[in-house]
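A.B. asks: predicted model follows, preceded by the sequence.
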Protein chains: 2
Amino acid sequence: MVKVSVYIGTSLDGFIARENGDIGWLDEANKNVTPGEDFGFNNFIESVDLIVMGRKTFEQVKVFDNWPYMDKRLIVLTTKNLQIPEKLERFTTTSSTFVPEKLISELSDQHVDHIYIDGGLVIQEFLSAGLVDEITVTIVPIIIGRGKSFSKLVSKDLHLNHLKTTVYEFGFIQNKYRITKLIKG
Amino acid sequence: MVKVSVYIGTSLDGFIARENGDIGWLDEANKNVTPGEDFGFNNFIESVDLIVMGRKTFEQVKVFDNWPYMDKRLIVLTTKNLQIPEKLERFTTTSSTFVPEKLISELSDQHVDHIYIDGGLVIQEFLSAGLVDEITVTIVPIIIGRGKSFSKLVSKDLHLNHLKTTVYEFGFIQNKYRITKLIKG
């Protein structure tokens, strides 16, 4: 079985971005973060074998000076003809026939143990398919009113087992859960 | 100045109820709560002078065997001709001219120090008006996908100062914040 993890930041009212995708509020809040604090992200990345990412998220991260994903294999989900920078050319893209279950099945055949999925739509699709095993949500101390929900496509309740909470002195709260089962919503 | 507090439970994705108002998922989750655990609610109620509540919420709580609000004064916001049970007849109702700022002003004149507001719409309106001072959110370990948001009417970001986090052994997480200022969203 492939373990699937989600690792996101949200506002207190549960949004990962404004309705237009803007995450300026998150960048602004990050200015209060103690320098060097990575919210456990490096340890988390070390624990994964592969990253699956939406195209929009990839377009945002591919220009980062500091590539945050170590040398991990990365699959970009896209229906477009994607320009991948030379330094990242080892990464795969998929076609429009993407089905979460099929990808997991293929990765399982390749003996991949643990994947990290990122990007709003990708997270929504995997959560909706009941394929996410662990979710780490770092709550930023802000209420933004409206925005994109990570759970928009979920039609059956996902029950959670709380694993860990970390309180940061600058007011962020990180909660980690195991997703236990699907129950009719 | 009247201090205004909100005290709610949400799913991990930030909802206080399903879209149709159903909170069965919350009742179900409460079965896992250690008997006698009140999430600090009694201490909180002791600290308030008065409760302001929406009509729908009042209709739900007025039938409770155990009245959870001690002998605190209660104002029900309603545009309807409300039947109030005899035992609760001391409570006031307001008319359709309700304006959050006006109510706060009146209560200030009456030297009320601390009010607790409850009900989805009431919370939305006070938050939107920038009139809430403290918010306590108990996160229930469930993702429900869609539902009513407590922050729906907020059009300017509300910045929060984290005050306290309590982790309960059955997986609920309670976060308490002070709302610091309005910044253009």
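C.D. replies: Thanks, I have it. Numbering: from 1, shown residues only, chains lettered A, B, ... in the order given.
A.B. asks: rest of the way, CA atoms for contacts and neighbours
C.D. replies: Will do.
A.B. asks: tell me, what residue is most central in chain A?
C.D. replies: residue A:118 (3.0 Å; Cα atoms, centre = their mean).
A.B. asks: residues contacting it?
C.D. replies: Counting by Cα atoms under 8 Å, 6 or more residues apart in numbering or on different chains, residue A:118 touches A:6-7, A:51-54, A:57.
A.B. asks: which residues in chain A form strands?
C.D. replies: A:3-11, A:15-17, A:50-54, A:73-77, A:92-94, A:114-118, A:134-140, A:142-143, A:148-149, A:157-167, A:173-183 (DSSP state E).
A.B. asks: any buried residues in the first one, and which?
C.D. replies: Taking 16 or more other Cα atoms under 10 Å in any protein chain shown as the basis for neighbour counts, the residues of strand A:3-11 that come out buried are A:3-11.
A.B. asks: how about JSON lines for those residues, with distance to residue A:78 added?
C.D. replies: Below are the buried residues of strand A:3-11 laid out as JSON lines (distance: Cα to Cα, whole Å):
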{"residue": "A:3", "distance to residue A:78": "22"}
{"residue": "A:4", "distance to residue A:78": "19"}
{"residue": "A:5", "distance to residue A:78": "20"}
{"residue": "A:6", "distance to residue A:78": "19"}
{"residue": "A:7", "distance to residue A:78": "21"}
{"residue": "A:8", "distance to residue A:78": "21"}
{"residue": "A:9", "distance to residue A:78": "23"}
{"residue": "A:10", "distance to residue A:78": "24"}
{"residue": "A:11", "distance to residue A:78": "27"}
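A.B. asks: tabulate those residues in CSV, adding columns for distance to residue B:175 and pLDDT.
C.D. replies: As requested, the buried residues of strand A:3-11 are arranged in CSV below (distance: Cα to Cα, whole Å; pLDDT from 0 to 100):
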residue, distance to residue B:175, pLDDT
A:3, 29, 97
A:4, 27, 98
A:5, 24, 98
A:6, 22, 98
A:7, 20, 98
A:8, 18, 97
A:9, 16, 97
A:10, 14, 98
A:11, 13, 98
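A.B. asks: what residues does chain A put near chain B?
C.D. replies: Within chain A, the positions near chain B by Cα under 8 Å from any Cα of the partner chain are A:12-15, A:141-146, A:149-163, A:165, A:167, A:170-172, A:177, A:185.
A.B. asks: are any of the residues you listed buried, and which?
C.D. replies: Buried residues within the residues of chain A next to chain B, defined by neighbour count using 16+ other Cα under 10 Å: A:12-15, A:141-146, A:149-162, A:165, A:167, A:171-172, A:177.
A.B. asks: least trustworthy helix or strand in chain A by mean pLDDT?
C.D. replies: Least confident helix or strand of chain A, by mean pLDDT, DSSP states H and E, is strand A:92-94 with a mean of 68.
A.B. asks: nearest spatial neighbour of residue A:128, chain-adjacent residues omitted?
C.D. replies: Once flanking residues are discounted, residue A:128 sits nearest to residue A:154: 4.3 Å by Cα to Cα, 6 or more residues apart in numbering or on different chains.
A.B. asks: which pLDDT value belongs to that neighbour?
C.D. replies: Per-residue pLDDT puts residue A:154 at 96.
A.B. asks: show me what contacts it?
C.D. replies: Residue A:154 is in contact with A:124, A:127-129, B:143-146, counting by Cα under 8 Å, 6+ apart.
A.B. asks: biggest separation within these, which pair?
C.D. replies: Spatial extent of those (Cα to Cα) is set by the pair A:129 and B:146 at 15.5 Å.
A.B. asks: which regions of chain A sit below the pLDDT cut-off?
C.D. replies: Residue ranges of chain A with pLDDT under 70: A:86-91, A:93-97, A:181-185.
A.B. asks: now do 80
C.D. replies: Residue ranges of chain A with pLDDT under 80: A:79-98, A:181-185.
A.B. asks: farthest pair in the buried residues of strand A:3-11?
C.D. replies: Checked with Cα to Cα, the buried residues of strand A:3-11 reach their widest spread between A:3 and A:11, with 25.9 Å between them.
A.B. asks: quick check: end-to-end length of stretch A:18-25?
C.D. replies: Length of stretch A:18-25, first residue to last, Cα to Cα, to the nearest Å: 9 Å.
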